[in-house]
Every structure is written in structure tokens, then in C-alpha cells.
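In: take a look and give me a structure for this.
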Amino acid sequence: MNIFLFLDENTRIHRLDPRTKLVSALILFLLCLCFNHPFYMVFISGGVFLTALWAKALPNFWKLRFILLLLLLFSFVLWPFFVSGPTQWWVWGPFQLSRESVLYGLAMGLRLATFVGIGLIFLSTTRNEELTNGLIRMGVPYPLAFAFSTALRLVPTFAGAGATIIQAQVSRGLDLESGSIFKRLGKFIPQAVPLFIYAIHHANTLAMALESKGFNPQAKRTFYYEPRMKRVDYGVLIFFVFLLLAMLYMRLGLGLGVVVSGRL
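Out: Numbering: from 1, shown residues only. From the prediction side, this is the model:
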């Protein structure tokens, strides 16, 4: 089972500098926060999907398709009951449903799914070593960059260990399919014990390995991979900066893309 998200492809997005991809991802996050109207969010989400298609990252989207659908569904169902609007459709005691709240819930679902999609594109096109080096070149202290890259390595490792534990228990007769959804969720709780023990053992092994190699986070380092910004990187950054300024003007200057005022 491949638990790593990086896809070794030779696309233009893969060849971009990691700093360009990191800053572009942050700008895309800000673009998603500009509007709370689903009509505008659809265009942003569509742009992210086309970028994923260009980066050949759709296999990772397919892996997490249920998470993306659940984010969209739960936001669409729950948010309308916590947001009020002038055009009321249904009122029952303290609960009310309005046209604005439904549109807002749909926009929030698209926003959350787009957030995950942006992260998937970034992780699908950027190696862990590239991310670490890019963070260091952006001025992030080495200990912090090292801790962040190590955390990214541990997440798929623990996910793979959890999948192995579940498969081992199922092969021994554990039934995870029968019963209500709450009973099935309860059967997963005991599986957290061996995973917790494995996490402690793995962290201790990693610490001993670093200590045995004389790891010193304050030491001056050289890197085999030396990323350099090219013209295309500067062009991509300029494009996203102008796009962000245009979106901010549409939201703050023209007041477009707002279903419920006072909310992001």
C-alpha cells in the first residue's frame, strides 16, 4: 500500500521551486477566504481541480474522495442551522433555515474541500526534502523546518501502521462491518492501543538514531539539493499576487461574493 502522497511525475508544477509552490498554496488559501458565496467558490474550486489535473494529482484526490465528499456534505447540512438570513424558508423553535444560510453552507463545504485539494496538490508535487530546503531558504530556522518535515514523514508512517494493525485484527476474526455505526466506531478504539505503543517506540528509535549520528540542529549545513528561482517561478508568483489583489478588490471594494455579511 502506497501511503505517501508524492507522485513522481514530470509536470511543470513538479518542476517549480518549492518556495513558489508554498507561497502559491498560501495565496490560494487566502483566495478561498475572500468569498462566502458558492457561485464564486465554484470558480476557485474549479481552478484548483484543473490545477490538479495539470499536475496529474487526481489519483490522490481519488484516494481521499470520501473525505472530500464528507466535508462538502456535513458543511452543507450543518452550517445552515448556525447562520441566519433574511429570506427564511423554514422555522421550528430555535432552528431556522434560510436561502442565505443554505448558500453559505454550500460555500463553506466547497471552501473546506478546496483547502484539502490545495494541500493534496502541494504534497503530490513536492518532495519532503524540497519542502525542508524551501522553508530554510525562506528564513525558517532549521530546527523548525526539520521538525515540520519529520512530522510530515511520521503521518503516513503512522497511517500505514494503523492500516496494518486493522488488517491483522481483521485476519484474526475482528468484525468491523456488522452493527450500528457507533458499535463499529467503538471497535476501532481498542486498536489505538497498539498504535500508541508503536508511535512511542518509533519516536524513541528516531531520537536514538539522531543522537547516534551526532545530530546538532544548530550546526551549519550544506545541502545536495539547491533550489533556484527561475523566470517561470517569478511569473507564477506575480500572477497569484495580482489574482489575490483582484479578488480582495472584488470583495472589499465592490462587495461581491458575499451571502452573509460580517462572515468570511
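In: going forward, measure contacts between C-alpha atoms and count neighbours the same way
Out: Fine.
In: C-terminal to the helix or strand bottoming out on mean pLDDT in the chain, what's the next element?
Out: One helix or strand of the chain scores below all others by mean pLDDT, DSSP states H and E: strand 88-92, with a mean of 69. Per DSSP states H and E, the first helix or strand lying C-terminal to strand 88-92 is strand 95-98.
In: check which helices and strands that following strand sits against.
Out: Judged by 3 or more CA pairs under 8 Å, 6 or more residues apart in numbering; DSSP states H and E, strand 95-98 is in contact with strand 88-92.
In: relative to Leu22, how far out is Leu135?
Out: 9 Å (CA to CA, to the nearest Å).
In: of these two, give the one with the bigger neighbour count.
Out: Leu135 (21 against 17; other CA atoms under 10 Å).
In: just the element for the more buried one, please.
Out: Counting by DSSP H and E, Leu135 is found in helix 128-137.
In: other SSEs contacting that helix?
Out: Other helices and strands packing on helix 128-137, by 3+ CA pairs under 8 Å, 6+ apart, are helix 18-34, helix 142-171.
In: how far away from the center of its chain is stretch 61-79?
Out: Relative to the mean C-alpha coordinate of its chain, stretch 61-79 is positioned 13 Å out (CA atoms, centre = their mean, to the nearest Å).
In: cool, and stretch 205-213?
Out: 30 Å.
In: CA atoms only for that stretch, dumped as CSV, please.
Out: Provided in CSV are the C-alpha atoms of stretch 205-213 (Å, rounded to 0.1, in the frame of the first residue of the first chain):
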residue,chain,number,x,y,z
THR,A,205,14.0,4.9,17.8
LEU,A,206,14.2,8.1,15.8
ALA,A,207,15.6,10.0,18.7
MET,A,208,18.3,7.4,19.3
ALA,A,209,19.2,7.4,15.6
LEU,A,210,19.6,11.1,15.6
GLU,A,211,21.7,11.1,18.7
SER,A,212,23.9,8.3,17.4
LYS,A,213,24.6,10.4,14.3
